[in-house]
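Q: what's the 3D shape of this:
(chains A and B)
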Number of protein chains: 2
Amino acid sequence: MKLYTYFRSSAAYRVRIALNLKGLDYESIPVHLTRTGGEHRQEDYLAVNPAALVPALVEGGRVMTQSMAIIEYLDETHPEPALLPGTPVDRARIRAIAQTIACDIHPLNNLRVLQYLGRDLGASDEQKSAWYRHWVELGLAAVEAMLAVDERTGAFCHGDTPTLADCCLVPQVFNARRFNCRMDALPVISRIAERCEDLEAFRLAAPGNQPDAE
Amino acid sequence: MKLYTYFRSSAAYRVRIALNLKGLDYESIPVHLTRTGGEHRQEDYLAVNPAALVPALVEGGRVMTQSMAIIEYLDETHPEPALLPGTPVDRARIRAIAQTIACDIHPLNNLRVLQYLGRDLGASDEQKSAWYRHWVELGLAAVEAMLAVDERTGAFCHGDTPTLADCCLVPQVFNARRFNCRMDALPVISRIAERCEDLEAFRLAAPGNQPDAE
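A: Residues are numbered from 1 along each chain as shown, chains lettered A, B, ... in the order given. A predicted model of the protein is given here:
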């Protein structure tokens, strides 16, 4: 398997965690998102993923894109350890936590969005930071509420083994810390993120441990 | 089953399509997103979904949120007709198309985001429209590229029956038209959307056919 990745992309970070949890070997192909106008916008990469986003996973000549879709694929083709365990209701909850992060928080703080705010709307760095923190804090408060009130929350987001939800949570927490978002009202998230970060699968997937880290 | 819905919410629209495709009866509970500061932000609804977003599906005392997670749940519990048919590679493609819409386009054009642009960044109506069209046109161009180059595209996004991808595509096309986005460079999307809209399941799910339509 080949993974087109960028060390700081939190969508790629999610997939790296899942690959590590499954114990799968893969080759990293770095795609630099800011150098020379963005390698993801160049012809070579557009031939891999016309959406011009990382990550993309290549296996058996097929290109797969979108981090949650890739993780579902890995879970279907390599069922152990299960990243979507339990009943349909359990999986609905795991996917909902993952999507609260991947749909409601992360897309608003993607590099291309911050660039648009500055370039087209004249937002200052301060306004861009406020925007970033607003969506992270609002979104993580929703995740905290989902986790805090539910008896299905365990050592991890759902039960006592890492799932798709944790694959999405940890990169988002990483970014939240990097941009100094308020985390003090998020005790369950903080506890779960720390527990995850103790695991080698999460540690090896972190931005600082990638071949293209700067 | 009870569906908390808002006629214009494209995430709720996706779930309505899926429920109709499965032939499932459900009770609509409208949650008005703009009246009195937004019914979704009031205590009653926050007790259902602390993330303050529609849709939410209630079945057997369990609340499920996030449209794609709900549709996956419906597909697991009511397998026919399959909304995620085929092999793991097929499902990865269907999910990737759905997520390109649900993660890369729709979150940027949600009501709360447009409100923030005006209120906190002083964006004019014209700037908000340009923002809206920018993300829709960029995102749908990516979807068009995914559909146009792939032999797995059929009468619908993936093969000749509607899937999760079509449940996401049609509400996005509905919004794109409503906001006068350019559609002339999107022949495959336009063809598929029209084909879907011929089906009763899609027609009955449309905003104009909801009990809370204005």
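Q: now residue A:201: how far from residue A:177?
A: Residue A:201 sits 19 Å away from residue A:177, going by C-beta to C-beta, to the nearest Å. No exception for glycine: its C-beta is placed from N, CA and C like everyone else's.
Q: neighbour-wise, which of the two wins?
A: Using other C-beta atoms under 10 Å in any protein chain shown, the more surrounded residue of residue A:201 and residue A:177 is residue A:201, with 19 against 12.
Q: packing partners for the strand or helix carrying residue A:115?
A: If you go by DSSP states H and E, residue A:115 is part of helix A:111-121. Here helix A:111-121 touches helix A:125-148, helix B:111-121, helix B:125-148, going by 3 or more C-beta pairs under 8 Å, 6 or more residues apart in numbering or on different chains; DSSP states H and E.
Q: how about JSON lines for those helices, with distance to residue A:21 and mean neighbour count added?
A: Shown next, in JSON lines, are the helices and strands packed on helix A:111-121 (distance: least, C-beta to C-beta, whole Å; neighbours: other C-beta atoms under 10 Å in any protein chain shown):
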{"stretch": "helix A:125-148", "distance to residue A:21": "20", "mean neighbour count": "18"}
{"stretch": "helix B:111-121", "distance to residue A:21": "33", "mean neighbour count": "16"}
{"stretch": "helix B:125-148", "distance to residue A:21": "27", "mean neighbour count": "18"}
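Q: quick check: what element follows the helix or strand bottoming out on mean pLDDT in chain A along the chain?
A: One helix or strand of chain A scores below all others by mean pLDDT, DSSP states H and E: helix A:43-48, with a mean of 88. With elements assigned by DSSP H and E, the helix or strand that comes after helix A:43-48 is strand A:56-59.
Q: just the CA atoms of that following strand, as PDB, please.
A: C-alpha atoms of strand A:56-59 as PDB (Å, rounded to 0.1, in the frame of the first residue of the first chain):
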ATOM      1  CA  ALA A  56      -5.000   9.000  -0.900                       C
ATOM      2  CA  LEU A  57      -4.400   5.300  -0.500                       C
ATOM      3  CA  VAL A  58      -3.300   3.200  -3.400                       C
ATOM      4  CA  GLU A  59      -3.800  -0.600  -3.200                       C
END
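Q: okay, now the sheet partners of it, with direction.
A: strand A:2-5 (antiparallel), strand A:62-65 (antiparallel) (DSSP bridges).
Q: for the residue in chain A sticking out farthest from the centre, give me the pLDDT.
A: Distance from the C-alpha centroid of chain A peaks at residue A:122, with 28.1 Å (C-alpha atoms, centre = their mean). On pLDDT, residue A:122 comes in at 95.
Q: how near is it to residue A:130?
A: Residue A:122 is 14 Å from residue A:130, where distance means C-beta to C-beta.
Q: and residue A:115, by the same measure?
A: As judged by C-beta to C-beta, residue A:115 and residue A:130 stand 16 Å apart.
Q: same question for residue A:66.
A: 29 Å.
Q: now do residue A:167
A: 28 Å.
Q: re earlier: got the contact list for the least confident helix or strand of chain A?
A: Here helix A:43-48 makes contact (C-beta atoms under 8 Å, 6 or more residues apart in numbering or on different chains) with A:4, A:31, A:39, A:52, A:56, A:58, A:63.
Q: so what are the domain limits for chain A?
A: A:2-81, A:88-202 (automatic domain parsing).
Q: buried ones in stretch A:55-63?
A: Buried residues in stretch A:55-63, counting neighbours by 16 or more other C-beta atoms under 10 Å in any protein chain shown, are found at A:55-59, A:63.
Q: let me fix that, I meant to ask about stretch A:33-51.
A: Buried residues in stretch A:33-51, defined by neighbour count with 16+ other C-beta under 10 Å: A:33, A:38-40, A:45, A:48-51.
Q: I'd like those laid out as CSV, including distance to residue B:158.
A: CSV is the format used below for the buried residues of stretch A:33-51 (distance: C-beta to C-beta, whole Å):
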residue, distance to residue B:158
A:33, 29
A:38, 29
A:39, 29
A:40, 25
A:45, 24
A:48, 20
A:49, 17
A:50, 16
A:51, 16
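Q: what's the most distant pair in those residues?
A: Farthest-apart pair in the buried residues of stretch A:33-51 is A:33 and A:50; separation 16.2 Å (C-beta to C-beta).
Q: in TSV, list the strands paired with strand A:56-59 along with mean pLDDT.
A: Shown next, in TSV, are the strands paired with strand A:56-59 (pLDDT from 0 to 100):
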stretch	mean pLDDT
strand A:2-5	97
strand A:62-65	95
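Q: just those strands: most buried one?
A: Comparing the strands paired with strand A:56-59 by mean neighbour count (mean count of other C-beta atoms under 10 Å in any protein chain shown), strand A:2-5 comes out on top with a mean of 22.
Q: give me the distance between that one and the centre of its chain.
A: Once both centres are worked out by C-alpha atoms, centre = their mean, to the nearest Å, strand A:2-5 turns out to sit 14 Å from its chain's centre.
Q: how about residues contacting it?
A: A:12, A:15-16, A:19, A:26-31, A:45, A:48-49, A:54-59, A:210, A:212.
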